[in-house]
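Enquirer: what would the 3D arrangement of this be:
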Amino acid sequence: NTPGGVLNVAGDFSHTGGTLAGGSLLNIFFTGSTQTFTRSSATNTGTIHMTINSGSNVNIGTSQMVCEDFTLIASGTLQTTVNSLASFGQVSFAGSATTNGTITANFGSFVPMAANSFDIISGTPTSGAPTITTTSDTHVLTTSYSNGTLTIDALVLPIELISFEGKAIDHSVELTWRTATELNNAYMAVERSEDGIKFEKIGQVTGSGTTQQLQAYSFMDKYPFRGTNYYRLRQVDYDGTYEHSHVISVKMDRKDNSISLFPNPASESVTISLESEYLGEAKITVYDPIGRQVMNQFITLESGSFQTSIDLSQLSAGLYLIEVSAGHTKWQKKLIVK
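Expert: I've put the predicted structure just below:
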């Protein structure tokens, strides 16, 4: 190249061999919206000035961009890949560098440690105030940047759950939880168990994706078990991977009285009487002495004292079991039909 030469690069730039000679000065301008820079087993001579123009996005991967002077114009982007402490993309200059655009470091599955540092822009002096962003498949990274060096300040797991609580409200259980940070959080499934071992999903709440802002969530279990209920959260990422929270328990002291039947023995009909805090649909099932269903009908329970009658005219004389099931609650009573 002759002194004063200009090379405008609108596509990908691959420098895999030979010598890139600048004479007194070679200006290389990256002008494409999305492009890659690759350099391996190649050398530079002379004065080469590399510029990433406004609107250009140049991904250098783990390559080393060697030049005399480097300029990252505002609204331009330099992307680098960090695979390890020794393998990462770097701009190495001998003269000066001005960076006023965006520098993005992609860590992928590599997990650095707090205080690790990476010389993304290597050389002095460095001026400008770039915007720094980082991406990671495993953590939320908190970083700082000074004079071309990116330093890891802290790593946070995909979900930093700072609280998970539950309390009984009337006939329901209210679950609340808060997160300090989230990474790729698609949703949180709410799971419940009666014994603390076997859990089932009873609902889900949409997550906040990736954020380092405090988030608050809630879920209402309208039909908890009587006694102790066990709850946990299953946090699910966009790619389907998940992890469980710790387990909490909430006790429901629901006082449902026993069912009563009258008359008993009965012939044409029987009145079912019960008291319950349940409000909603229930099912009445009649079983014969060998456990076969011989009759069933649906009713709507009201909270408090409740009565309903069922027709027995189609049943033969004998012993039967009356069962009323509502939610996770069942009432049973033996009935004699004469």
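Enquirer: give me the element the spatially most central residue of the chain is part of.
Expert: Central residue check for the chain by Cα atoms, centre = their mean: the C-alpha nearest the mean position is that of N185, 1.5 Å away. Taking DSSP states H and E as the definition, one finds N185 inside strand 172-193.
Enquirer: got the CA positions of that strand in PDB?
Expert: What follows is strand 172-193, C-alpha atoms only, in PDB (Å, rounded to 0.1, in the frame of the first residue of the first chain):
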ATOM      1  CA  SER A 172     -56.100 -19.400  50.500                       C
ATOM      2  CA  VAL A 173     -52.300 -19.200  50.700                       C
ATOM      3  CA  GLU A 174     -50.500 -16.200  49.400                       C
ATOM      4  CA  LEU A 175     -46.900 -16.800  48.100                       C
ATOM      5  CA  THR A 176     -44.500 -13.800  47.600                       C
ATOM      6  CA  TRP A 177     -40.900 -13.700  46.500                       C
ATOM      7  CA  ARG A 178     -38.300 -11.200  45.400                       C
ATOM      8  CA  THR A 179     -35.300 -11.400  43.200                       C
ATOM      9  CA  ALA A 180     -32.200  -9.100  43.100                       C
ATOM     10  CA  THR A 181     -31.000 -10.200  39.700                       C
ATOM     11  CA  GLU A 182     -32.300 -12.500  36.900                       C
ATOM     12  CA  LEU A 183     -30.600 -14.000  33.800                       C
ATOM     13  CA  ASN A 184     -32.700 -15.400  30.900                       C
ATOM     14  CA  ASN A 185     -35.600 -16.000  33.300                       C
ATOM     15  CA  ALA A 186     -38.600 -17.100  31.200                       C
ATOM     16  CA  TYR A 187     -40.900 -18.000  34.100                       C
ATOM     17  CA  MET A 188     -41.200 -19.500  37.600                       C
ATOM     18  CA  ALA A 189     -43.400 -22.500  38.100                       C
ATOM     19  CA  VAL A 190     -45.100 -22.700  41.500                       C
ATOM     20  CA  GLU A 191     -45.000 -26.300  42.900                       C
ATOM     21  CA  ARG A 192     -46.900 -27.700  45.900                       C
ATOM     22  CA  SER A 193     -46.700 -30.900  48.000                       C
END
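Enquirer: so what strands line up beside that strand?
Expert: strand 159-169 (antiparallel), strand 199-211 (antiparallel), strand 215-221 (antiparallel), strand 227-237 (antiparallel) (DSSP bridges).
Enquirer: among these, which is nearest N53?
Expert: Relative to N53, the nearest member of these by Cβ to Cβ is strand 199-211, separated by 29.0 Å. Yep, even glycine has a C-beta here, placed from its N, CA and C like the rest.
Enquirer: buried sites along the closest one?
Expert: Applying a neighbour-count criterion of 16 or more other Cβ atoms under 10 Å, the buried positions in strand 199-211 are F199, I202, Q204, G207.
Enquirer: output that strand as PDB, restricted to C-alpha atoms.
Expert: Taking C-alpha atoms only, strand 199-211 is exported to PDB below (Å, rounded to 0.1, in the frame of the first residue of the first chain):
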ATOM      1  CA  PHE A 199     -44.500 -31.900  44.200                       C
ATOM      2  CA  GLU A 200     -47.000 -30.900  41.500                       C
ATOM      3  CA  LYS A 201     -47.200 -27.700  39.500                       C
ATOM      4  CA  ILE A 202     -50.200 -25.500  40.400                       C
ATOM      5  CA  GLY A 203     -49.400 -22.400  38.400                       C
ATOM      6  CA  GLN A 204     -46.600 -20.200  36.900                       C
ATOM      7  CA  VAL A 205     -45.600 -16.500  36.900                       C
ATOM      8  CA  THR A 206     -43.800 -14.900  34.000                       C
ATOM      9  CA  GLY A 207     -40.100 -13.900  34.700                       C
ATOM     10  CA  SER A 208     -38.400 -10.600  33.800                       C
ATOM     11  CA  GLY A 209     -35.800 -12.000  31.400                       C
ATOM     12  CA  THR A 210     -32.400 -10.500  32.300                       C
ATOM     13  CA  THR A 211     -32.300  -7.700  34.800                       C
END
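Enquirer: so what touches that strand?
Expert: Around strand 199-211, the neighbours that count as contacts under Cβ atoms under 8 Å, 6 or more residues apart in numbering are 140, 179, 181-193, 215, 217-219, 221, 230, 232, 234-236.
Enquirer: cheers, nothing more for now.
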